[in-house]
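Student: next one to model:
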Amino acid sequence: MPAAAPSLPSSGASMPAAAPITHRHIEVFRAVMTAGSVTGAAQLLFTSQPTVSRELARLESLLGYTLFDRAPGRLRPTHRALALFDEVQRAYQGLDQVVARAQALGRAEDEGLRVLTLPALAHALLPAASADWLGAHPQAQLTLTPQESPLLEEWMAAQRFDIGLSEVTGAVPGTHSETLAELDEVCVLPASHPLLARQVLAPLDFEGERFVSLSAEDPYRRQFDAIFGNAGVHRRLQVETHSAIAVCSLVEQGLGIALVNPLTARACAGPGLHIRPFSVSVPFRIQALRPLHRPAHALTDDFIAAVKRALAPAIADQIGKKKRR
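Tutor: Reported below is the predicted structural model:
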C-alpha cells in the first residue's frame, strides 16, 4: 500500500510560538550601543565577549534584520539600531524614575505631606510653621491647599489630605480632631484713629463708627452683629468682604474699623494697622483634623508640633494682655 501522506494540522491547531525577545537581549543591545564595542559591553555586563556576541546575534535573528554593520574590530550601528536605542533609552529613563520613587518611598522626608487649610491660616500661620518644619526636614515635600469651610471638612472626610486645619468645633466624619489653640477675635484700627487711645474696646465704643464687615454668610459676622445688636450699638456698615486679610487691608486704608481673627491681625499689623483687644470674648479655635482611614504620614506629628510652635507667640500675647487688664 502506498505510504500515507503526512497529516496537516487542522485549522484550529496552534502553530509553535516564535521565541520571545527578552530583557536580556535588550540589555545586551543597550550595553553594546553604550560601550561602542562587544568588548566594552562584556565589561559593562560582567560577562564574556562570546556571550555578548551570541545574544546580539540572537536578537538580530528574532528581529529579522541586522542592527550593526560588522567590520574587523568594530561594529557600526544601522539607522534601525539608532532608532531602537532611542526607544530603549526612554524605557530605561522611566525605569530609573520608578527605582528612584521606590527608594524615596522608604524615606519619610521624600514622602509628600498634603495639608488642607483655611486661607486665613495659609497666610497668617503656615508660612512660619512650614519654615520651621522644612528646616528640620530639608528634603521633605509639602503641599499647602487653601480651602474654605464646608468644603475643607468634606475633603478631609473623603480622606484626601494628611492634615486639615479648620475652625469647626463639631465632629468631622472620618477624622480625629485636636484643638491646637483657642484665641479671641480682636479689633483692628487704622493709624491715628481716636479709639487707639483705649487699651480695650467695648461694643459701645463702636457706636456710629464706620465698620468693615465680613460677608453676611460668615459665622463670625453673625456673632458680631448679635453682640452689637444686643448692646443697641449702631455701626456704619458701608464695606464688607469675604476674607479677614481683605478686612485688614481695607481698615489700613482708613475705610473703617473691624473685628478679625488674631492671627491675621498679627500678620497684617504695622504702622498703618493697629490691634486692640475686644471686651467680649469671641473664640477663634484652630483644629487639626487627621483622616482615620488614610495611611498616616510619618512626619505628621512633626508638622503639627511646628504649627503649635508658630501659634505660641499669639497665645502668649493674648494671655499677657488679659493679665494686664
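Student: roughly how far does the residue most central in space within the chain sit from Val98?
Tutor: In the chain, the residue lying closest to the centroid (C-alpha atoms, centre = their mean) is Thr143, at 1.8 Å. Distance from Thr143 to Val98, counting by C-beta to C-beta, to the nearest Å: 22 Å. C-beta: built from backbone N, CA, C; applies to glycine.
Student: try Leu201
Tutor: 61 Å.
Student: what do you get for Val186?
Tutor: Taking C-beta to C-beta, one finds Val186 at 52 Å from Val98.
Student: neighbour-wise, which of these two wins?
Tutor: Val186 (26 against 10; other C-beta atoms under 10 Å).
Student: okay, buried residues for the helix or strand bottoming out on mean pLDDT in the chain please.
Tutor: Least confident helix or strand of the chain, by mean pLDDT, DSSP states H and E, is helix 79-104 with a mean of 82. Neighbour counts over helix 79-104 (16 or more other C-beta atoms under 10 Å) mark 81, 84-85, 88 as buried.
Student: repeat that for stretch 244-254.
Tutor: Within stretch 244-254, the residues that count as buried by 16+ other C-beta under 10 Å are 244-252.
Student: and stretch 164-182, by the same measure?
Tutor: Buried residues in stretch 164-182, counted by 16+ other C-beta under 10 Å: 164-168, 172, 174-175, 177, 180-181.
Student: now swap in stretch 143-153 and tell me
Tutor: Result for stretch 143-153 [16+ other C-beta under 10 Å]: buried residues 144, 146-147, 152-153.
Student: contact partners of that stretch?
Tutor: The contact list for stretch 143-153 (C-beta atoms under 8 Å, 6 or more residues apart in numbering) reads 112-119, 122, 126, 130, 155, 161, 164, 166-168, 172, 289.
Student: dump the residue contacts of Glu182.
Tutor: Contacts for Glu182 (C-beta under 8 Å, 6+ apart) come out as 283-286.
Student: which one of these is nearest Ser61?
Tutor: Set against Ser61, the nearest of the contacts of Glu182 by C-beta to C-beta is Ile286 (69.8 Å).
Student: now do the SS call for the closest one.
Tutor: strand (DSSP: H, G, I helix; E, B strand; the rest coil).
Student: so in terms of bridging, what pairs with it?
Tutor: Taking DSSP bridges as the rule, Ile286 bridges to Ala181.
Student: hang on, it packs against Val168?
Tutor: No. In this structure Ile286 lies outside contact range of Val168 using C-beta atoms under 8 Å: 10.3 Å.
Student: quick one, phi psi at the closest residue to Val282 other than its chain neighbours?
Tutor: Excluding the flanking residues, the one nearest Val282 by C-beta to C-beta, 6 or more residues apart in numbering is Glu185, at 4.1 Å. With angles defined as degrees, to the nearest 10, Glu185 sits at phi -60, psi 150.
Student: now do Ile319
Tutor: Torsion angles, degrees, to the nearest 10, at Ile319: phi -60, psi -40.
Student: circling back: next one: phi and psi at the residue nearest to the centre of the chain?
Tutor: phi -120, psi 120.
Student: distance check, it against Thr117.
Tutor: Thr143 is 11 Å from Thr117, by C-beta to C-beta.
Student: same check, this time on Ile163
Tutor: According to C-beta to C-beta, Ile163 and Thr117 sit 8 Å apart.
Student: tell me which of the buried residues of stretch 143-153 fall in strands.
Tutor: 144, 146 (DSSP state E).
Student: rewinding a little: now do the contacts for the residue nearest to Val282.
Tutor: 220, 259-262, 278, 282-284.
Student: can I get the residues you listed in a markdown table including secondary structure, neighbour count and pLDDT?
Tutor: What follows is the contacts of Glu185, written out as a markdown table (DSSP: H, G, I helix; E, B strand; the rest coil; neighbours: other C-beta atoms under 10 Å; pLDDT from 0 to 100):
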| residue | secondary structure | neighbour count | pLDDT |
| --- | --- | --- | --- |
| Tyr220 | helix | 18 | 94 |
| Leu259 | strand | 27 | 98 |
| Val260 | strand | 26 | 97 |
| Asn261 | coil | 25 | 96 |
| Pro262 | helix | 22 | 96 |
| Phe278 | strand | 19 | 97 |
| Val282 | coil | 15 | 96 |
| Pro283 | strand | 11 | 95 |
| Phe284 | strand | 22 | 95 |
